[in-house]
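Student: Compute the structure for the input listed below.
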Amino acid sequence: MRDALLGLAENPALPAGLFARLVASSDEEVLFTLADRERLTPPQVRVLLAVGNPSLTCFLVRSGLVPWPEIPQEHPGRLLDAVLGGVAPAAFWRKAATDPGPEARQEVAFAPDAPADVIASLARDPDPAVVAGAAGSPYLPPELLPHLARHPSTVVRQAVADNENAPPSLLAALLADGGWPAPTRCGACHRREAACADHAPGIRRVRLAAAGHPAVPPEGLAAFLDAPEVWTVTRFAARTDLPADFLNRLASHPSCDVRAVIAANPAVPEALLRTLAADHAPEVRRAIVENPAVPLDLLTTLAAHERLPGEPAPRVESATELEVRTLAASRVAQARALAADRSRLPGDLVEQLAADPDIAVAQRIAGRPEVAPERLAELVERHGPPVFAAVARHPGCPSALLHCMAANPARTGRVLREIAGHPAARSETLLLCLASQDADTRRHAAAHPALALPVLESLIDAPGSALARAAAHNPALPESVMERLITRALS
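Tutor: Below is the predicted model of the structure:
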């Protein structure tokens, strides 16, 4: 029964009159689910506040749903929650920034829309973790960054190196040696009285943060081209202002993740792209397909041998109409599939690609809304089960065709999942989806408004039903059934 109440709490069609009755269940998960609903009205917020649950009140206040005068005076953390929820008067930011607890001050330092003067005051806090929060804030007055870059703690200097407003000269200094003077505290020791023997790991983190900043001068990155910290190298490998010799070195980096980023970098010369097209790692070769500057002939060659991306290729998106027509007429089926994926296609090309004999092209074109619904049956007849999922994604797919595909013994679980979420699916089709082995498919079917009411009620009432929550979430559930469920749960 609890699952059914959670489903009702999520139901977009829950009548206003039943909201308070659900609150009366006092189940904490139900209460938070109600609090997370879109477009809560002020009376509904007051009903939730009246429960007196501190965690629930905190959630409502921090979500900006409770006006400052209506926040209960006895609520613990009233000031901080109101500040972070954006409902406290401006002067209270300063009061929250002087909270005796460093964790509270740190939350203020990380808060979005914090006033610049409050962040500036937190930059002078005695706790390095609070200062680090201020140092990384985009609201920090930029003139304070050079001062914070000389802070004794590497934790603060790392935050400066991550600040989006850090100037190139400051980043270059942090990149070189972690900044001057040498730090005397790091993340391993800043909360202890005695400093640790070696701050080298903290200094390394400062340098790596600077290396990953998009404004650091590229010439300073030479020492990091072979760095073992791959996540940092991949950050700067995507830059389009790297010198040619840096690109060449990164193209032979031992990590295929780094080489893949280089392969997708539009600043990479054509000759280097063609070299990377022969890379032994498939993710590197596929990354070239994502490069917006890849030559079309290389793209066509790669498409013939590599798995195509799930999204339209950037180079195809920017192609001229003549180039798109060239791809659509290619002898390489995968190249025609790339054309079929383009977000904007002339109507005659849509028709041409819908008549294509290749399954890969059909799978890319079938779900496009520009394809006439009467064409879909032809695609299904011509290609069979391999195009079912794509056809089921078409917003205008006829109900009869959806049922035909769902009843086909060769259809896959993925096909049923698409059909269960299609607005045109009929109740008898959804019954086939409910028999699926896939839990997501069954949940989609149980929440579908077209599902017959007797089936819906049986799913809710069945002992131990795994679909009770999804069925109770169904917007077609009558108010009388909702009321019966709540009455039964509260009795």
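Student: Run through the helices of the stretch 201-350 of the chain in chain order.
Tutor: 230-237, 244-250, 256-263, 270-276, 282-289, 296-303, 314-317, 321-328, 333-341, 347-354 (DSSP state H, counting those that start in this stretch).
Student: Of those helices, give the one that comes closest to A392.
Tutor: Relative to A392, the nearest member of the helices of the stretch 201-350 of the chain by C-beta to C-beta is helix 347-354, separated by 16.0 Å. C-beta here means a position set from N, CA and C on the backbone, and glycine is covered the same way.
Student: per-residue confidence averaged over the next helix or strand along the chain from that closest one?
Tutor: The C-terminal neighbour of helix 347-354 among helices and strands, as given by DSSP states H and E, is helix 359-365. Model confidence over helix 359-365, given as mean pLDDT, is 95.
Student: Just want the angle from the helix or strand that helix 359-365 is followed by to helix 347-354.
Tutor: The helix or strand immediately downstream of helix 359-365 is helix 373-383, counting by DSSP H and E. Relative orientation of helix 373-383 and helix 347-354, computed by axes from the mean of the first three to the mean of the last three C-alpha atoms, to 10 degrees: 30 degrees.
Student: List the buried residues for helix 373-383?
Tutor: Neighbour counts over helix 373-383 (16 or more other C-beta atoms under 10 Å) mark 375-376, 379-380, 383 as buried.
Student: try stretch 258-273
Tutor: For stretch 258-273, by 16+ other C-beta under 10 Å, it's 258-265, 268, 272-273.
Student: now stretch 48-57
Tutor: Within stretch 48-57, the residues that count as buried by 16+ other C-beta under 10 Å are 48-49, 53, 56-57.
Student: any residues touching that stretch, and which ones?
Tutor: Outside of stretch 48-57, the residues within contact range by C-beta atoms under 8 Å, 6 or more residues apart in numbering are 23, 26, 28, 31-32, 34-35, 40, 60, 66, 70-72, 75-77, 81.
Student: buried subset of those residues?
Tutor: For these, buried by 16+ other C-beta under 10 Å: 23, 31-32, 34-35, 40, 60, 66, 71, 75, 77, 81.
Student: Which members of the residues you listed occur in helices, if any?
Tutor: Among those, DSSP state H puts 23, 31-32, 34-35, 60, 81 in helices.
Student: Could you export those as a markdown table, including distance to A389?
Tutor: A markdown table is the format used below for those (distance: C-beta to C-beta, whole Å):
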| residue | distance to A389 |
| --- | --- |
| V23 | 41 |
| L31 | 39 |
| F32 | 35 |
| L34 | 36 |
| A35 | 37 |
| L60 | 41 |
| D81 | 46 |
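Student: Strands of the stretch 351-491 of the chain, residue ranges please.
Tutor: Remark: no strands are assigned in the stretch 351-491 of the chain by DSSP state E, counting those that start in this stretch.
Student: Can you pull the poorly scored residue ranges out of it?
Tutor: For the stretch 351-491 of the chain, the stretches with pLDDT under 70 are 464.
Student: remind me which residues of the stretch 151-300 of the chain are low pLDDT?
Tutor: Checking the stretch 151-300 of the chain against pLDDT under 70 turns up 190-195, 197.
Student: Tabulate the CA atom coordinates of stretch 371-379 in CSV.
Tutor: Taking C-alpha atoms only, stretch 371-379 is exported to CSV below (Å, rounded to 0.1, in the frame of the first residue of the first chain):
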residue,chain,number,x,y,z
VAL,A,371,8.3,10.5,-42.5
ALA,A,372,4.7,10.1,-43.4
PRO,A,373,2.8,7.7,-41.1
GLU,A,374,1.7,5.6,-44.0
ARG,A,375,5.3,5.0,-44.9
LEU,A,376,5.9,3.3,-41.6
ALA,A,377,4.0,0.1,-42.5
GLU,A,378,6.1,-0.1,-45.7
LEU,A,379,9.3,0.1,-43.6
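Student: What does E306 show for phi and psi?
Tutor: E306 adopts backbone torsions of phi -110, psi 160, taken as degrees, to the nearest 10.
Student: contacting residues for it?
Tutor: Here E306 is in contact with 282, 285-286, 289 (criterion: C-beta under 8 Å, 6+ apart).
Student: Which member of those is positioned nearest P357?
Tutor: Checking those one by one against P357 (C-beta to C-beta), the nearest turns out to be V289, at 23.3 Å.
Student: Identify each buried residue in stretch 341-356, please.
Tutor: Buried-residue list, stretch 341-356, by 16+ other C-beta under 10 Å: 341-342, 345, 349-350, 352-354, 356.
Student: brain fart, stretch 7-18
Tutor: So stretch 7-18, judged by 16+ other C-beta under 10 Å, has buried residues 7-11, 14, 18.
Student: For R393, give its distance to V371.
Tutor: The gap separating R393 from V371 is 11 Å, by C-beta to C-beta, to the nearest Å.
Student: actually E457, not the one I typed
Tutor: Counting by C-beta to C-beta, the gap from E457 to V371 is 38 Å.
Student: wait, which of the buried residues of stretch 7-18 is closest to R204?
Tutor: Closest to R204, out of all of the buried residues of stretch 7-18 and judged by C-beta to C-beta, is E10, at 46.6 Å.
Student: count of residues packed around P395?
Tutor: By the criterion of other C-beta atoms under 10 Å, P395 has 11 neighbours.
Student: nearest to P463, of the buried residues of helix 373-383?
Tutor: V380 (39.7 Å).
Student: wait, what's in contact with that closest one?
Tutor: Neighbours of V380 in contact, by C-beta under 8 Å, 6+ apart: 387-388, 391, 401, 404-405.
Student: farthest-separated two in those residues?
Tutor: Farthest pair in these, by C-beta to C-beta: V387 and C404, 12.8 Å.
Student: Show me which of the two is the more surrounded one.
Tutor: Neighbour count, other C-beta under 10 Å: between V387 and C404, V387 has more, with 24 against 15.
Student: check contacts around the residue lying closest to A406 once chain neighbours are set aside.
Tutor: The shortest distance from A406 to any non-neighbouring residue, by C-beta to C-beta, 6 or more residues apart in numbering, is to L432 (4.4 Å). If you count contacts by C-beta under 8 Å, 6+ apart, L432 has them with 403, 406-407, 416.
Student: Take those and keep only those in helices.
Tutor: Counting by DSSP H, the contacts of L432 contribute 403, 406-407, 416 to helices.
Student: For the buried ones among these, write the corresponding ChimeraX selection.
Tutor: Listed next is the ChimeraX selection for buried residues among those, using 16+ other C-beta under 10 Å:
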select :403,406,416
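Student: before we move on, back to that, which of R393 and V371 has more neighbours?
Tutor: V371 (22 against 16).
Student: list the contacts for that one?
Tutor: 350, 354, 365, 379, 394.
Student: do the same with E164
Tutor: Taking C-beta under 8 Å, 6+ apart, one finds P138 in contact with E164.
Student: Look up phi and psi at it.
Tutor: The phi/psi pair for E164 (degrees, to the nearest 10) is phi -60, psi -20.
Student: Quickly note the distance from it to S137.
Tutor: 10 Å.
Student: sorry, back to before: which of the buried residues of stretch 7-18 fall within helices?
Tutor: 7-10, 18.
Student: just curious, which of these is nearest to A470?
Tutor: G7 (6.5 Å).
Student: That closest one against L467, yeah?
Tutor: No: taking contacts as C-beta atoms under 8 Å, G7 lies outside contact range of L467: 9.3 Å.
Student: Identify the residue spatially nearest to R368, adjacent ones excluded.
Tutor: V350 (6.6 Å).
Student: and the one you found, what does it touch?
Tutor: Counted by C-beta under 8 Å, 6+ apart, V350 has contacts 365, 368, 370-371.
Student: So which of those residues wins on neighbours?
Tutor: I365 (29 neighbours).
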